[in-house]
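S.K.: next comes the sequence, and after it the predicted model I'd like to discuss.
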Amino acid sequence: MIGSNDLSSARERLATQQAELLNALLAKGPVPAGFDEQRFDVERRALLSKRRGIVRMLGPAVADELGDRFRPLFDAYAVENPRRAGSRAREDAASFADWCRAAGELSVKRKTRWKFWQSN
Amino acid sequence: MAGITDLGVGIGWRSEIDLTVERLPGVDFVEVVAENLHIGHLPESVTLLLERGVPVLPHAVSLSLGGADPVDLHRVEHLGKIAEAVGAPMVSDHVCFVRAGGLDSGHLMPVPRTKDALDVLVANVKLAQENLPVPLALENVAALLEWPDGELTEGQFLAELVERTDCWLLVDVANLYANARNIGTDPERFLDEIPLERLAYVHVAGGEQHGDVYHDTHAHAVLPEVLGVLDELCSRVRPPGVLLERDDNYPSDTEIASELAAIRAVVDKYRD
Amino acid sequence: MATPTTAQVARLSAEEAGYLTAGPGRAAETVLARLIDVGAVRVSRDGHVTAVLQHDYQATTSVEARILSYARTPVQFDTIVRSTANCTEMAALHQYLRDRGLVQRPRRGNPVWGLYLAVAFLLVLLSFSAPVVLLGVPVAVAIALWQRGRKAVTAAGKEALRQVTATDRVHAVALHGFCGKINGRPVGELFDLSQSIVRMLPLKQSRKRRSSSDSAGGCGSSCSSCGSGCGSSSCASSSSCSSSGSSCSSGSSCGSGCGGGGGGD
């Protein structure tokens, strides 16, 4: 058994370690001591790619409109805006779209046009 | 606590392949991602599977049990309610952390294999167990990074966790293979060290080798090497269930069926 | 590209037939139908379309390739039809049909055309007392004809379309749409698609929209039938524009960049 004091100090030490790791992986913080830097980069890219894929899936229209610019723009956005704990993936996608609009990379309102359409 | 019932061979239910899962031959049980389901309105497909008597096991990805913060009881409560809604015999999450320092990694991050991390994990798991209506199984994750100063092997770490919390184990052989490739875990030693009598079921998934790194993508075919790890496991213990996880780039029904058949063949090899 | 001849009736592929029947939206539906037919995409109960990972399937047209690219990640049924209807590949199909003389730039009809006809008639009556007024008749008739507008599909296009019959389920979509019926049976059923999925598609726009001043009525009804995917902006633009030609320009917004969709490392 461990005492509650021991546990809370264990939580504190672990919190510092984990926060440093995520800060380095998600927000370009310094790589904590003892990690393989090359592997760290692989992990960073993997996390970024996963997040990018989710945002693309949730907002295909934005990704379509951005075309080739989607990836570099998303990567720039992601480092500036690491996902906050408690946020939802949908919020991430919406916030990326807002970020792009603010940067003038996305039209303010995307028009969807139905023309010459007489389905059914 | 009673042993886990025989589950057979299953597949991770995903909404994109709901109709496929429904019509695939040889699906004895399914797993649903608890966070994707809402209390009160289960997907039609899940209801249909339940009506057919197919066990549905909720699998959580966001409890962050290995995180430094005490486990979020709202998330635990949701998981418990989903378990009740589908009448599940057990639920699961991972030995990992997801959130730290106000950030969300969006992924299952490995915890350092230290006494500190184990103490915190144990406390979180116990709190979760107290608030869950069914037993909890915990899964080993795939790591691209190795924390420095690990005090225990992964197998020892999990064995201690089971010892102290009486949780069940969900062994992902693809993750085990990934760790063997990426951070030098010895799969045989891992299997020797974990209490196999506490094995709830097994995950199998596909991945891809990229240079010197194996990515556990759940979007590629299952490698023969991963089935090799499954074989190794089955040679030691008869797993109550084995489940194929596929999360993206879904192949044809035929191809998924053949992956399930390949898994079944390995399991049946050791069935007397 | 093929040159139109009067003697020879053009043969149409299913997606071309879909285009001539009801425009790029229907052509998109038809291509999607074909991909479902060959098992290259799957549709889930909640209407998500996902490409089936198939190493041996090669898209036979550029529009097919576009849909497969869109569907590398799950896309809502109506979204994929809409995106495909507006993509550059569809614009190219339009151009191809135009080059073959099967479609033309349509002119929007104006309900006042009848008025000009009435004027022409009036002038004829007046010419009995003042023959010089007769000079105004051809002018009024010309204006009336102009105001009446013209359809996007040419006579050759209509002739080509007459050769097409719903011999299989893909052609059934081309001619009737997923929302349509064939022999009293919903076409969607041929693909095991529930009504809740096919109803995501906007239904036929009321012909009245052409005569109503702001087409608010028709717009509202089309919105209510097409679910969350159809925002108010789509209604506004659909009612304001009947030219298929200009849909090509909007297609450029989903240009070549889409091709790499879903990539990653």
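M.R.: It's in. Numbering: from 1, shown residues only, chains lettered A, B, ... in the order given.

S.K.: pLDDT score for residue 27?
M.R.: In the absence of a named chain, chain A is used. Here, the pLDDT recorded for residue A:27 equals 93.

S.K.: that answer is for a different chain, and I need it for chain C
M.R.: Residue C:27 carries a pLDDT value of 97.

S.K.: would you map out the domains in chain C?
M.R.: For chain C, automatic domain parsing gives the domain ranges C:14-105+C:166-256, C:113-148.

S.K.: can you pull the contacts of the residue lying closest to residue B:270 once chain neighbours are set aside?
M.R.: Among residues not flanking residue B:270 along the chain, residue B:234 sits closest, at 4.5 Å (C-beta to C-beta, 6 or more residues apart in numbering or on different chains). The way it works is simple: take the backbone N, C-alpha and C, and place the C-beta from them, glycine included. The contact partners of residue B:234, taken as C-beta atoms under 8 Å, 6 or more residues apart in numbering or on different chains, are B:266, B:267, B:269, B:270.

S.K.: count the residues that sit near residue B:193.
M.R.: 18 (other C-beta atoms under 10 Å in any protein chain shown).

S.K.: and the closest residue to chain B within the stretch 101-250 of chain C, what are its phi and psi?
M.R.: Residue nearest to chain B within the stretch 101-250 of chain C (C-beta to the nearest C-beta): residue C:192, separated by 7.9 Å. Taking degrees, to the nearest 10, you get phi 60, psi 30 for the backbone angles of residue C:192.

S.K.: out of the domains of chain C, which gets the lowest mean score?
M.R.: The lowest average pLDDT among the domains of chain C, as it happens, falls on domain C:14-105+C:166-256, at a mean of 75.

S.K.: in chain A, what residue lies closest to chain C?
M.R.: residue A:67 (1.6 Å).

S.K.: list the contacts for residue B:179?
M.R.: Residue B:179 neighbours (C-beta under 8 Å, 6+ apart): B:140, B:142, B:143, B:154, B:185.

S.K.: tell me which of these is nearest to residue B:168?
M.R.: For the contacts of residue B:179, the closest approach to residue B:168 (C-beta to C-beta) belongs to residue B:140, at 12.5 Å.

S.K.: my guess is that closest one meets residue B:175, correct?
M.R.: Yes: under the criterion of C-beta atoms under 8 Å, residue B:140 makes contact with residue B:175 at 5.3 Å.

S.K.: how about the residue of the stretch 101-250 of chain C closest to chain B: what's its closest non-neighbour residue?
M.R.: Closest to residue C:192 by C-beta to C-beta, 6+ apart is residue B:19, at 7.9 Å.

S.K.: report the contact partners of the one you found.
M.R.: B:45, C:42, C:43, C:44, C:45, C:192.

S.K.: if I look at the first one, how far off is residue B:51?
M.R.: Computed as C-beta to C-beta, to the nearest Å, the residue B:45 to residue B:51 distance reads 11 Å.

S.K.: between those two, which has more neighbouring residues?
M.R.: A direct count of neighbours by other C-beta under 10 Å for residue B:45 and residue B:51 places residue B:45 higher, at 22 against 8.

S.K.: tell me the contacts of that one?
M.R.: Taking C-beta under 8 Å, 6+ apart, one finds B:13, B:15, B:18, B:19, B:21, B:22, C:45 in contact with residue B:45.

S.K.: just those residues now: which is nearest chain A?
M.R.: Distances from chain A to the contacts of residue B:45, taken as C-beta to the nearest C-beta, are shortest for residue B:15 (12.2 Å).

S.K.: quick check: that closest one touching residue C:47?
M.R.: No: counting by C-beta under 8 Å, residue C:47 is not a contact partner of residue B:15; they are 10.0 Å apart.

S.K.: which helix or strand contains residue B:108?
M.R.: If you go by DSSP states H and E, residue B:108 is part of strand B:103-109.

S.K.: mind checking which helix or strand residue C:145 is in?
M.R.: Going by DSSP H and E, residue C:145 is in helix C:136-148.

S.K.: starting at the chain centroid, how far to that helix?
M.R.: What separates the centre of helix C:136-148 from the centre of its chain is 29 Å, taken as C-alpha atoms, centre = their mean, to the nearest Å.

S.K.: and stretch B:171-180, by the same measure?
M.R.: Computed by C-alpha atoms, centre = their mean, the chain-centroid distance of stretch B:171-180 equals 11 Å.

S.K.: tell me the buried residues in that stretch?
M.R.: By 16 or more other C-beta atoms under 10 Å in any protein chain shown, the buried positions in stretch B:171-180 come out as B:171, B:172, B:173, B:174, B:175, B:176, B:177, B:178, B:179, B:180.
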